[in-house]
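Novice: only geometry, no sequence info:
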């Protein structure tokens, strides 16, 4: 395709006429599928992980949740930690896409599509955990309000009931937001596809979009409204997740700092993972001209910002424990700092905030490798934090007589490692078959006289 | 038809299973046939405790007064049976030695009845045979023995007090004068009998009247610890303690002991001292009380202790009691006896009677004599009934090899045990709950043993076997018992039998024997041979007799809270010196003899003392007990059965131990409070109810609540097993306990504070607190746990989806979760012991203490049928009913004049984790200081 | 805006192609000024001035969004109240209807209602999804999603006369003019 061939390797400048190259460059990936080797390498690897996930799940359901290391008192551990972790990652996608859209940050256009996709798949990964960790997962639907034969309804004072609604809503809204945002590019892909199956496929998913001005008007209203609503939704969802812990009378959990603390942490880990994905994708699919150093720079800044906010949360937690001077809280604090699982506490401090400081320097922000490593460290740190919050709180609480330590079992680890496959596999299918960057929004920005990475 | 189904389920498991599994499954099948309609009816000739309904109503329990035996003594009980399935044992209320309460072992015995590893067939040389063959062989043997006046016939049994056995034995020896009876009882009381012989000229049984004693001094005597006397003594002690709480009389308990015991925990002043040292201290104490002279050099602490003890004893003439434990040398015990006598104890706090247990001809040396005769080839036929000498025999008696010299060895037992392996003939014994018999309680009152169910398998009782031994096969156990009492009662027999059977016992304690104290015994100071290695029975397995009981195996042992293992208990100082950690395998040597076992560091233990526990290291193919723990008997000597000297060293291995409570160190005041004595009598000032956001609770009566008096709890664990039996609580095995997944609804928490040498220790039973503002309920998203109008925190199993939020939010962590299917794979026998009134929980659901909801409902239905409110005390929770000291009281807290309310208004009433502000319905009464009184 | 019936003229309308957004907007204004009513513009991305130029305004989507939100809000809260009253249970001594505890689900339901309604309204008002459309037959129309801008004057316009319209469009100097025929019955 000449246009595609002519696609520039330099980053697209403002223009009034020359829009085709961007569209071509974005749509060539689903249509012509370049970089097959890279893709297949990733895909095989992630499918293997997904297989591991399914295997662990079968073993779990066959034998019971006892296959994990959980016990009394530590009856919530890795599963819930992973749940919070994955969900937190998801939030960044929505924030980038919705918040920056409202703020008119056009540079987001190069990131929002795959960031949103990341959200979807992260939420799916997260959503699985509460089901997996149930004693009777086959009865999970009892959380939904339906007229059951028992005549009983869900218990809406329970943070878990809130949880069920929050996550379900979040998933649906994310899907809608992501889908309508992509329709115009689906249409573009449809119009550029040359094989019948491709035309049919993209024809169907683009719902017959043809870019009429009236359509555009209504579309924009719907898109911006959803964005405006999605932002508070994100905040509410992760605040709610924090209530899962904070609503109980458990020293170390029962704290008002938790909601903001969790939201910041979520955004932090999320931006970090977006940065990781961005650096990998631009490399793997030669998109350096669309996802430019400036994008990395801005991602780095966001990560740094939310990271420091999270650090503040850490301080606030310690401070409130010391200031409140409640014996039980102090004991928990002591256990976190010096107890059996101190590694997770100090690990969280280190991995979250030590490498993060490099991001004050632009050189590290715009360097893909550094950015990737720092983000990886942040993701690790946040994982440790979630683990720490659950285990160090539960393993020594209340009566001394019920103290008991916790060790994750092999099957807990495989379930976790496998969940990365559950995330990667659909994500790879997405980059393979759908336009992963919002070409029309980039072109819109260019038409308004902006370069691809201008804010 | 039910039986078929059961056979099929039972045989499904068969496959190409190993031989022992086959036996197990066969047992299962037989068991079920035994339990089903045809045979499972209770013996129609047995007479229920309450008057019998005309015919059996399915699903309605029946109660029988009967007894189980423990160490030769009867433990009087009421057995509950559903459709011919014994499911629960409770104490016999009218019996002075039970008062309706039990100990943990008695609670556990109902499970022994169903033990899948029980022996079910006659065996000859290990191969299945038949009763016909056995009896034929016995007839021949009897003919031979007739010819020689029974010379060479030896009978070996465990300790027994059974009148029927005595009668049978007499009949046998009359016929065969040369025959001889021997006794083998690893945890015996020979020392005590010997002591009375020294002090009073003849062997006597001591009946302590703890309820009358205001100053008790225990010298290595675990009066309140596990054993056949625990129920009786616990009760009596609690009576005295209650009187003290109400301000009438005093209650002083001082203890010297080498290793921590429950008695030590209850003591107001506990002094740790070595086994031998205690002998000297006894002398010193006697001297301080003006009895004899002592030349012992005392440490300041010892001087202080003895001074205090002497003062308290002398201040309580006729109400004082000094007891030295049966493991102490007879001389020391004798001295203690004479000291008691001098303090006017005889007839007051100490009643001496003729021995309750039957005494074999050779007395304490009975078993040694038998072994000697075996080796000398003097034994032709050896009948070993109901004991296991090959496992438990002391190292210096080569009993097993000696057996080879006997012409015929006949073994009868509940299991195909270590001894059975050496016998030509093995005959399966009946369990007490399925047989007719009799035995004397610790006070000598004879109990009649009637079956709760006909024998599950084709088994016999010992008297029947004695008949067979004499060539009279086919005797009926019931007839033999009736014969005994016909002789005893003469004409009035028929009526008396009818009246006694439902009552369960003959109300005739052994009369007090007159005893004059003789000269003071000389107390020899044993040479110092290094560490003192003490042999003690295990709190779960005892001498090994209960080793195969899953409930008891999973019962946390006192202080260590260990399950499924026995350990070598050493002092912290010694551990430091030898560089030993908990779980390090240590090699304990004495002379040439040595054993290896995992070490456990026991705070409060005397520095130079090493305690090894009996009852483990069994070889019991197919049994739970097979090869768990270590066997301590190879270190034991018949000459000194309770103490040897030796050394200890690390063996370089480690052994995984499964404590239920990994951490016992705590600030006691946080959980177990101690108050001045008068607080038991002062009323708590108006309870300031903490402010709440939530609406006021409905207080319409009844409102259930519980009060646990920590001043009375002796940590005997009877409540734990009672709860397990009542509520179908599964045993989960060592692996799960290691992972922190034990299922006990009620646990006895153990805490200690202070220096390792002399810590302050306490027990605290912890059931569900039934909080009025329960966080668990708030957490559940599906309404699976909610509050009843009567203030019960209810768990709805079939609604639970297993989010475990309730447990995460529970400050007391009393909720238990079914991580796996813990109940589905139970053998048919174990299923048979289940309480039909309580749901068996499936995989993935939460469970917890329900305040015995089924008992509440039963009482409510009864009350409604009779159109009256539920009476106070009408409902007893399982734990409350079992508790020997009645530390647990349950009832309506909305009514001011109930036992529980009267307790809760005491100034010393408190709740744990008050800061959580969940308003628990279960509250505690603080321990009281004795000094003040 | 109503679409032409197949019977009217045999053609769907006349389609003029432009290469910049400005040109399209300009053309739209002129067409409007010239009194054409059934006109529509097509672009690869939203152009702010275009609807104005076409004299088109709407607030269907925001309205439905608001209504959906309100319905979700009220419905969400009432659902919780109903469930709590239908099977009232004492849960940890908490009140039966605690608004604080119900707030979160109420909010989530509001969000769900609002977004759902907005998206649905957008699709329905746009008559989407739609499998085919006559314009797709126009040879170069596929560029409308890439880098070309089109002005359509439909055949059901009262002033529609193919010659006149073609002449008018020529006057706007488009890149090309195409005449998409009817391929099928429009829905």
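Specialist: Received the coordinates, thanks. Please read these numbers as outputs of a predicted model, since none were measured by experiment.
Novice: so what's the residue of the stretch 301-450 of chain A found nearest chain C up against?
Specialist: The nearest approach of the stretch 301-450 of chain A to chain C comes at residue A:444, 3.8 Å away (Cβ to the nearest Cβ). Any C-beta I mention is one placed from the backbone N, CA and C, and that applies to glycine too. By Cβ atoms under 8 Å, 6 or more residues apart in numbering or on different chains, the residues touching residue A:444 are A:109, C:45, C:46.
Novice: what do you get for residue B:482?
Specialist: So residue B:482 contacts B:493, B:497 (Cβ under 8 Å, 6+ apart).
Novice: Same question for the one 3 residues further on.
Specialist: Contacts here follow Cβ under 8 Å, 6+ apart; on that basis residue B:485 touches B:163, B:438, B:448, B:493, B:496, B:497, B:500.
Novice: With residue B:725 instead?
Specialist: Residue B:725 makes contacts with B:87, B:88, B:89, B:107, B:108, B:110, B:111, B:551, B:833, B:835, B:878, as judged by Cβ under 8 Å, 6+ apart.
Novice: can you pull out the helices in the stretch 1-150 of chain A?
Specialist: A:2-5, A:20-32, A:36-63, A:78-94, A:100-102, A:112-132 (DSSP state H, counting those that start in this stretch).
Novice: one step back: columns neighbour count on top of the contacts of residue A:444, output as JSON lines?
Specialist: Below are those laid out as JSON lines (neighbours: other Cβ atoms under 10 Å in any protein chain shown):
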{"residue": "A:109", "neighbour count": "27"}
{"residue": "C:45", "neighbour count": "24"}
{"residue": "C:46", "neighbour count": "21"}
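Novice: ok, those vs chain B, which is closest?
Specialist: Nearest to chain B among the contacts of residue A:444: residue A:109, at 40.2 Å, using Cβ to the nearest Cβ.
Novice: For the closest one, which non-adjacent residue is spatially closest?
Specialist: Leaving aside its sequence neighbours, residue A:109 sits nearest to residue A:441 (Cβ to Cβ, 6 or more residues apart in numbering or on different chains; 4.0 Å).
Novice: Kindly calculate the angle that the helix or strand hosting that neighbour makes with helix A:20-32.
Specialist: Using DSSP states H and E, residue A:441 falls within helix A:439-447. On the basis of axes from the mean of the first three to the mean of the last three Cα atoms, to 10 degrees, helix A:439-447 is oriented at 170 degrees to helix A:20-32.
Novice: Just want the most central residue of chain C.
Specialist: With distances taken as Cα atoms, centre = their mean, the residue of chain C nearest its centroid is residue C:126 (3.5 Å).
Novice: Would you confirm that that residue contacts residue A:220?
Specialist: No - here residue C:126 does not reach residue A:220: they are 11.6 Å apart, not a contact under Cβ atoms under 8 Å.
Novice: pLDDT wise, what is residue 50 at?
Specialist: Because you didn't say which chain, this covers chain A. If you check residue A:50, the pLDDT there is 97.
Novice: wrong chain, I was asking about chain C
Specialist: Taking residue C:50 on its own, its pLDDT is 93.
Novice: what residues are up against the residue lying closest to residue B:387 once chain neighbours are set aside?
Specialist: Closest residue to residue B:387 in three dimensions, ignoring its sequence neighbours and counting by Cβ to Cβ, 6+ apart: residue B:158, at 3.9 Å. Listed by Cβ under 8 Å, 6+ apart, the contact partners of residue B:158 are B:72, B:183, B:184, B:185, B:386, B:387.
Novice: can you redo the residues you listed as CSV with pLDDT and neighbour count?
Specialist: Listed next are the contacts of residue B:158 as CSV, based on pLDDT from 0 to 100; neighbours: other Cβ atoms under 10 Å in any protein chain shown:
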residue, pLDDT, neighbour count
B:72, 95, 23
B:183, 96, 25
B:184, 96, 24
B:185, 95, 21
B:386, 94, 21
B:387, 95, 26
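Novice: could those go into a markdown table alongside secondary structure?
Specialist: What follows is the contacts of residue B:158, written out as a markdown table (DSSP: H, G, I helix; E, B strand; the rest coil):
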| residue | secondary structure |
| --- | --- |
| B:72 | coil |
| B:183 | strand |
| B:184 | coil |
| B:185 | coil |
| B:386 | coil |
| B:387 | coil |
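Novice: so is the residue of the stretch 201-350 of chain A at minimum distance from chain B in a helix, a strand, or just coil?
Specialist: Closest residue of the stretch 201-350 of chain A to chain B, Cβ to the nearest Cβ: residue A:248 (3.9 Å). Three-state call for residue A:248 (three-state DSSP): coil.
Novice: That one against residue B:776, yeah?
Specialist: No - when contacts are counted by Cβ under 8 Å, residue A:248 is not listed as touching residue B:776 (9.3 Å).
Novice: Now do the shared contacts for those two.
Specialist: Contacts common to residue A:248 and residue B:776, judged by Cβ under 8 Å, 6+ apart, are B:805, B:809.
Novice: how far is the helix or strand containing residue B:706 from where the chain is centred?
Specialist: Assigned by DSSP H and E, residue B:706 belongs to strand B:704-709. The chain centroid and the centroid of strand B:704-709 are separated by 24 Å under Cα atoms, centre = their mean, to the nearest Å.
Novice: Which other helices and strands does that strand contact?
Specialist: With contacts defined as 3 or more Cβ pairs under 8 Å, 6 or more residues apart in numbering or on different chains; DSSP states H and E, the secondary structure elements packing on strand B:704-709 are strand B:888-892, helix B:899-904, strand B:922-925.
Novice: Outside of the first one itself, list whatever touches it.
Specialist: Same thing as strand B:888-892. B:701-709, B:719, B:765, B:851, B:870, B:872-873, B:875-877, B:879-880, B:898-901, B:903.
Novice: Partner strands of that strand, with direction?
Specialist: Strand B:888-892 sits in its sheet next to strand B:704-709 (antiparallel), going by DSSP bridges.
Novice: And the helices in chain C?
Specialist: Taking DSSP state H, the helices of chain C run over residues C:21-33, C:49-53, C:60-86, C:99-125, C:162-171.
Novice: tell me which residues in the fourth one are buried?
Specialist: When you say that, I think you mean helix C:99-125. Buried residues in helix C:99-125, defined by neighbour count with 16 or more other Cβ atoms under 10 Å in any protein chain shown: C:101-102, C:104-123, C:125.
Novice: The residues you listed also near chain A: which ones?
Specialist: C:101-102, C:104-105, C:107-109, C:111-112, C:114-116, C:118-119, C:121-123, C:125 (Cβ under 8 Å from any Cβ of the partner chain).
Novice: chain center to the helix or strand hosting residue B:864, what's the gap?
Specialist: Element membership for residue B:864, per DSSP H and E: helix B:853-865. How far helix B:853-865 lies from its chain's middle: 30 Å, per Cα atoms, centre = their mean.
Novice: Stretch B:829-845 now?
Specialist: In this view, stretch B:829-845 has its centroid 24 Å away from the chain centroid, taken as Cα atoms, centre = their mean.
Novice: Kindly report the same for stretch B:242-258.
Specialist: Centroid separation for stretch B:242-258 versus its chain: 24 Å, with Cα atoms, centre = their mean.
Novice: Endpoints of it, how far apart?
Specialist: 28 Å (Cα to Cα, to the nearest Å).
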